[in-house]
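Peer 1: here's my sequence, what's the structure:
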Amino acid sequence: MNENPLYVALGDSLTVGVGSTFFQPNFVKYYQKSIEYYFRHPVRKLVFAKNGATTQDILSFFSRPEVAGAVHDATFITLTGGGNDLLHARKKWLKFGESTIVSDAIQQCLYNMALIIESILRLRGDVQKPVTIRVLNLYNPMFQIPESRAWLETYNRSLFALERYPSVQVADVYSAFYGHEPYLLSMDHTHPNPVGYRVMAEVAADLGFEPVADSRGENEARRRQ
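Peer 2: As a prediction, the model looks like this:
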């Protein structure tokens, strides 16, 4: 890498870092450090996120020129989303008790997540350099509700279909959090605490940084020839 690559973080409150503390890193900072440690190179960072954002809100980000330009130039991209969609559905389910409320929300959320990835790839249509795209699935902040496990597992299982897109891998945060939610969530019982954010970043980083890492290895091999 001859120049500092750009990491673009897109998403909701998990990308904002709600639940962490002022003096401790959130997910984005932990993941940035993981990239820098792996490549032994500084990484620039741009964050486009909003507390409370739904997948539809995240889709609307791409109409902003600064977001479109950053995505076009990015070497690394992370995406968090879907949690607020399902939290809103949970509130309606608790009020009306209709299971279709949640199943419909899951399908709409999956549809929007696919549109987000397609928007990213479309904005990068003329870019020759590879990009690493990591989508984080959803842990369960509603673990006290027995039905929530089936909801989250249905959503997360289907979310892996995003790996059909080039450069995309899904980080299985759900499995990392499962059974440990009380220790990884902040005092609001919804967002991760600093330890939870570190776990999220570790799960994403453990996927590796292909295809960027593969490209870097090929470039170094050429220079040695």
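Peer 1: shaky segments in this structure?
Peer 2: 1-2, 216-225 (pLDDT under 70).
Peer 1: and the helices in it, which stretches?
Peer 2: Assigned by DSSP state H, the helices in the chain fall at 13-16, 27-39, 55-61, 65-73, 83-96, 99-123, 148-159, 173-177, 181-184, 194-205, 212-224.
Peer 1: just give me the neighbour total for the residue nearest to W151 when sequence neighbours are not counted.
Peer 2: Of all residues not flanking W151 in the chain, V102 sits nearest, at 5.4 Å (C-beta to C-beta, 6 or more residues apart in numbering). For glycine as for every other residue, the C-beta is placed from the backbone atoms N, C-alpha and C. Using other C-beta atoms under 10 Å, V102 has 20 neighbouring residues.
Peer 1: same deal with I101?
Peer 2: Neighbours around I101, by other C-beta under 10 Å: 18.
Peer 1: any figure for the gap between the closest residue to H72 other than its chain neighbours and R44?
Peer 2: In this structure, H72 finds its nearest non-sequential neighbour in L123, 5.2 Å apart by C-beta to C-beta, 6+ apart. The gap separating L123 from R44 is 18 Å, by C-beta to C-beta, to the nearest Å.
Peer 1: what does L94 give?
Peer 2: Per C-beta to C-beta, L94 is found 43 Å from R44.
Peer 1: which one's more surrounded, these two?
Peer 2: Neighbours were counted for L94 and for R44 using other C-beta under 10 Å; R44 has more, 16 against 10.
Peer 1: bridging residues for that one?
Peer 2: Beta bridges link R44 to L6 when assigned by DSSP bridges.
Peer 1: what of the one 4 residues further on?
Peer 2: Taking DSSP bridges, one obtains L10 as the residues bridged to F48.
Peer 1: name all residues that make contact with it.
Peer 2: 8-10, 61, 64, 66-67, 70 (C-beta atoms under 8 Å, 6 or more residues apart in numbering).
Peer 1: for ChimeraX, what selects the buried ones among these?
Peer 2: Buried members of the contacts of F48, defined by 16 or more other C-beta atoms under 10 Å, are picked up in ChimeraX with:
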select :8,9,10,61,67,70
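Peer 1: is it possible to get a markdown table of the contacts of F48 that adds distance to D206?
Peer 2: Shown next, in a markdown table, are the contacts of F48 (distance: C-beta to C-beta, whole Å):
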| residue | distance to D206 |
| --- | --- |
| V8 | 20 |
| A9 | 18 |
| L10 | 20 |
| F61 | 27 |
| R64 | 32 |
| E66 | 31 |
| V67 | 27 |
| A70 | 25 |
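Peer 1: tell me the one of the contacts of F48 nearest G82?
Peer 2: Of all these, L10 has the smallest distance to G82: 12.4 Å, by C-beta to C-beta.
Peer 1: in this structure the closest one contacts A74, no?
Peer 2: No - the pair L10 / A74 is not scored as a contact, 9.5 Å apart, by C-beta atoms under 8 Å.
Peer 1: what are the buried residues along stretch 66-76?
Peer 2: 67-68, 70-76.
Peer 1: and if you look at stretch 192-204?
Peer 2: Across stretch 192-204, burial judged by 16+ other C-beta under 10 Å covers 192-194, 196-201, 203-204.
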